[in-house]
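# Model the structure of this input:
(one chain, ligands or ions: 1)
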Amino acid sequence: MASHPDRRAIPSQIAEIVSRRHRAEGVDLLCGIKIAGIEELPGELRITLAGGHMIAADLLVIGIGAAPNTGLAEAAGLAIENGIAVDSYLRTSDPDIFAAGDCCSYPLSLYGGRRVRLESWRNAHEQGTLAAANMMGCQEQITAVRWFWSDQYDLTLQIAGLAEGAVTQVRRDMEAGALILFNLDPEGRLIAASGIGPGNAVCPRHPPG
Ligand SMILES: Cc1cc2nc3c(=O)[nH]c(=O)nc-3n(C[C@H](O)[C@H](O)[C@H](O)COP(=O)(O)OP(=O)(O)OC[C@H]3O[C@@H](n4cnc5c(N)ncnc54)[C@H](O)[C@@H]3O)c2cc1C
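You can find the predicted model right below:
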């Protein structure tokens, strides 16, 4: 339904590049449109789009988001706020219970204590380590900036920080058609950056010059 794939996670300029790349490989991307109905006929699935257009398919894969599985935490009486609510030590509302990964929301001090819930491999990995350390009495707070990457064909996408609240965007074009967008808050503070380019073009190990 959105104007580009991945719009929840990446800026529109980069989403457009990703869309173009998929189309160049022959992927038929239909954006900004709703599915009105799905019909199962003998040997065929028929998808009807809003507006009446029909698509026949052998197989349908539906990927429309993920929801945290909080049933067990709810039954245990833990506070829930877009996932299991934890503090900056990954402690739940019961100080003897910790939570980590996709299922929990936590306050990010770098972003004024804003509560976020992230769905990324690196976040789950780092939080698991931190929760275990804190269970052992380490008293370490979560300070990591959200970061993830993805490969789309030959393009590598890199996203760091949270761009909501940014008022200025600075664009830097790099070699090989790569680009980085820097997002600044009203005080000119860098709060997020996102880049895309072939291979390691966005993060060269040895930057030119
Ligand atoms: C299609 C897809 C593509 C992805 N691509 C990327 C990517 O490119 N890069 C990236 O960084 N991340 C990606 N992710 C996200 C990444 O997989 C998750 O962020 C990561 O797996 C989260 O780890 P986790 O341990 O928090 O949760 P999970 O891996 O979901 O593990 C939770 C486990 O808890 C179990 N569980 C749930 N409830 C209970 C219960 N009551 N009792 C016992 N067990 C329970 C579940 O069965 C599951 O095994 C992708 C996810 C999907 C679905």
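# now the helices for the protein?
12-24, 71-75, 121-135 (DSSP state H).
# and those helices as CSV, adding distance to the ligand and mean neighbour count?
For every residue, glycine as well, the C-beta is placed using N, CA and C. Converted to CSV, the helices of the chain look like this (distance: least, C-beta to the nearest ligand atom, whole Å; neighbours: other C-beta atoms under 10 Å):
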stretch, distance to the ligand, mean neighbour count
helix 12-24, 13, 16
helix 71-75, 4, 12
helix 121-135, 3, 16
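# Relative to residue 197, which of the ones you listed is closest?
Set against residue 197 and scored by C-beta to C-beta, the helices of the chain come closest in helix 12-24, at 9.2 Å.
# CSV for the helices of the chain, including mean pLDDT?
As requested, the helices of the chain are exported to CSV (pLDDT from 0 to 100):
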stretch, mean pLDDT
helix 12-24, 93
helix 71-75, 98
helix 121-135, 95
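# right, so of the ones you listed, which gets closest to residue 155?
helix 12-24 (5.7 Å).
# quick one: contacts of that closest one?
For helix 12-24, contacts defined as C-beta atoms under 8 Å, 6 or more residues apart in numbering pick out 3-7, 10, 29, 31, 152-153, 155, 157, 171, 179, 181, 194-196.
# how about the residues of the protein that lie near the ligand?
Counting by C-beta under 6 Å from any ligand atom, the residues of the chain close to the ligand are 69, 72, 101-103, 119-122, 124, 148, 150.
# so which two of the residues you listed are the farthest from each other?
72 and 150 (30.1 Å).
# farthest residue from the center of the protein?
Most distant from the centre of the chain: residue 42, at 37.6 Å, with distances by C-alpha atoms, centre = their mean.
# Give me the nearest residue to residue 110, chain neighbours excluded.
residue 145 (6.4 Å; C-beta to C-beta, 6 or more residues apart in numbering).
# From the ligand, how far out is the one you found?
14 Å (C-beta to the nearest ligand atom, to the nearest Å).
# which regions of the protein lie under the pLDDT threshold?
Scanning the chain for pLDDT under 70 picks out 204-209.
# Got the domain ranges for it?
As recorded under automatic domain parsing, the domains making up the chain are 12-57, 77-135, 147-198.
# Dump those into TSV; add distance to residue 63 as well.
Converted to TSV, these look like this (distance: least, C-beta to C-beta, whole Å):
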stretch	distance to residue 63
domain 12-57	13
domain 77-135	12
domain 147-198	14
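# Which part of the protein gets nearest to the ligand, residue-wise?
The chain approaches the ligand most closely through residue 101 (2.1 Å), counting by C-beta to the nearest ligand atom.
# That'll do, ta.
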